[in-house]
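Chemist: Structure of the sequence below:
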Amino acid sequence: MNNMVEMPIAKAINAGLREAMRKDNKVLMFGEDVAELGGVFRVTEGLHAEFGQSRVFNTPIAEAGIIGTAIGLAMRGYRSVTEIQFDGFIFPAFDQITSQLARLQNRSEGFLTMPVVIRVPYGGGIGAVEHHSESPEAYFAHTPGLRVISPSTPNDAYWMIQQAIESTDPVLFFEPKRRYWQKGMVNLDAAPGSMHQARVVVPGSDVTLVAYGPMMNVALQAAALGAEEGKSIEVIDIRSMSPIDFATIVESVKKTGRLVVAHEASTFVSVSSEIAARVAELAFYHLEAPPIRVGGFDVPYPAAKLEEVFLPDADRILDAVDRVMAF
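Modeler: The predicted structure follows:
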């Protein structure tokens, strides 16, 4: 019998971190305010008390230093779980991530492994100030040598953080911060497949709707509203932005003939760009309409009072669904 527990995404990540740290004393957790405070979102709450200062500790406000430290620890056989406090704070660490962390395994011809997890609360919807709401995942999905994933449910959050920690490659673990307190059932006994495997969440026959992370709730809402209008929308959670499970997407598009991809980030040079291009290559003769992408507008992330205009909602997704069905 499965051991099922209801918890929000934040607590599921916390439980996954705790499980990984119990299994392996080489797993360390560090970042800004992650120790006694438990992080600004309280995701690491209680870990410092349980595992002590040598395994859960605070860092200076220096993101490049956080990642540089994780790289050095990886060279010495440790598995570091680092936290970038907010998505917009990751850019001071960009050089360390893309010039060093992503390359060292290749540079050393496999002699070195880089088991580093970078936890990044990302996306909008919390009414924050500048640099506290961003969607920078495409920068890292574009970088060879990095794995980039994002859970959308507590069950995925619990298992994917553990799978990320077990990886010998560096993993960007993007956490949908406006969904931190979204509750769901967690199966503590069985992982839901590979962290890079896409999942068909809602089966359908008219349109394939692809999303991930914080946009999944909106995609499911759009599918439910579409069903009331007689539209059968198949919803896929890709779960991983690098690598992407194209096989699951293409199989769905060959059935539906139509594709809509939605995410919070701008659609220009984005994850949705790659999905649309790959589907056009692999399922061209099955398409009944051009793929349509729905995302944030191609502008700097706006002030809090405008973010609900900026972020895609169910109406914008359903407008795209109407357009591909009318083509």
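Chemist: And for Ala191, the neighbour number?
Modeler: Each residue near Ala191 was counted by other Cβ atoms under 10 Å, and the total is 14. Heads up, the C-betas are built off the backbone N, CA and C, glycines and all.
Chemist: Confirm it sits in a strand?
Modeler: No - using DSSP: H, G, I helix; E, B strand; the rest coil, the assignment for Ala191 is coil, not a strand.
Chemist: contacting residues for it?
Modeler: 159, 162-163 (Cβ atoms under 8 Å, 6 or more residues apart in numbering).
Chemist: Return the distance of it relative to Met29.
Modeler: Distance of Ala191 to Met29, given as Cβ to Cβ, to the nearest Å: 21 Å.
Chemist: what's the answer for Gly127, then?
Modeler: Remark: distance between Gly127 and Met29 (Cβ to Cβ) = 28 Å.
Chemist: So these two - more neighbours on which side?
Modeler: Between Gly127 and Met29, Met29 has the larger neighbour count (other Cβ under 10 Å), namely 26 against 13.
Chemist: how's the chain carved up into domains?
Modeler: Per automatic domain parsing, the domain ranges recorded for the chain read 4-187, 199-326.
Chemist: just the strands in the stretch 101-250 of the chain please.
Modeler: Using DSSP state E, counting those that start in this stretch, the strands found in the stretch 101-250 of the chain span residues 116-122, 147-149, 171-176, 183-187, 199-202, 207-211, 233-237, 240-242.
Chemist: quick one: strands adjacent to the second one?
Modeler: According to DSSP bridges, strand 147-149 has the following sheet partners: strand 171-176 (parallel), strand 240-242 (antiparallel).
Chemist: And the first one, by the same measure?
Modeler: The strands that strand 116-122 pairs with in its sheet are strand 79-83 (parallel), strand 171-176 (parallel) (by DSSP bridges).
Chemist: will you turn the ones you listed into JSON lines that also has mean neighbour count and mean pLDDT?
Modeler: Output for the strands paired with strand 116-122, formatted as JSON lines (neighbours: other Cβ atoms under 10 Å; pLDDT from 0 to 100):
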{"stretch": "strand 79-83", "mean neighbour count": "25", "mean pLDDT": "98"}
{"stretch": "strand 171-176", "mean neighbour count": "26", "mean pLDDT": "98"}
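Chemist: Adding distance to Phe310, write those strands out as TSV.
Modeler: Below are the strands paired with strand 116-122 laid out as TSV (distance: least, Cβ to Cβ, whole Å):
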stretch	distance to Phe310
strand 79-83	25
strand 171-176	16
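Chemist: of all those strands, which lies closest to Gly145?
Modeler: When the strands paired with strand 116-122 are compared by Cβ to Cβ, strand 171-176 sits nearest Gly145, at 10.9 Å.
Chemist: starting at the chain centroid, how far to the closest one?
Modeler: Centroid displacement of strand 171-176 relative to its chain, using Cα atoms, centre = their mean, to the nearest Å, is 4 Å.
Chemist: and what of stretch 308-327?
Modeler: How far stretch 308-327 lies from its chain's middle: 22 Å, per Cα atoms, centre = their mean.
Chemist: Now do the same for Ala283: its pLDDT.
Modeler: On the pLDDT scale, Ala283 is placed at 97.
Chemist: So it sits against Phe246, correct?
Modeler: No - contact status for Ala283 versus Phe246: not in contact, 9.6 Å apart, counting by Cβ atoms under 8 Å.
Chemist: Give me the pLDDT value at the closest residue to Lys183 other than its chain neighbours.
Modeler: Once flanking residues are discounted, Lys183 sits nearest to Pro8: 4.9 Å by Cβ to Cβ, 6 or more residues apart in numbering. On the pLDDT scale, Pro8 is placed at 97.
Chemist: again, but for Met1
Modeler: At Met1, pLDDT is 51.
Chemist: Please apply the same query to Asn14.
Modeler: 98.
Chemist: How much space separates it from Asp237?
Modeler: 22 Å.
Chemist: Return the distance of stretch 103-121 from the chain's centre.
Modeler: 19 Å.
Chemist: in it, what counts as buried?
Modeler: Under the neighbour-count criterion of 16 or more other Cβ atoms under 10 Å, stretch 103-121 has 103-105, 113-121 buried.
Chemist: Could you do stretch 304-321 as well?
Modeler: So for stretch 304-321, counting by 16+ other Cβ under 10 Å, buried means 304, 307, 310-312, 314, 317-318, 320-321.
Chemist: contacts for stretch 162-172?
Modeler: Counting by Cβ under 8 Å, 6+ apart, 16-17, 19-20, 24, 27, 79, 81, 97, 101-102, 105, 113-118, 120, 137, 140, 145-149, 173, 191, 194-195 sit against stretch 162-172.
Chemist: could you redo the last one with a cut-off of 7 Å?
Modeler: With Cβ atoms under 7 Å, 6 or more residues apart in numbering as the test, stretch 162-172 has contacts from 16, 19-20, 27, 79, 81, 101-102, 105, 113-118, 120, 140, 146-149, 173, 191, 195.
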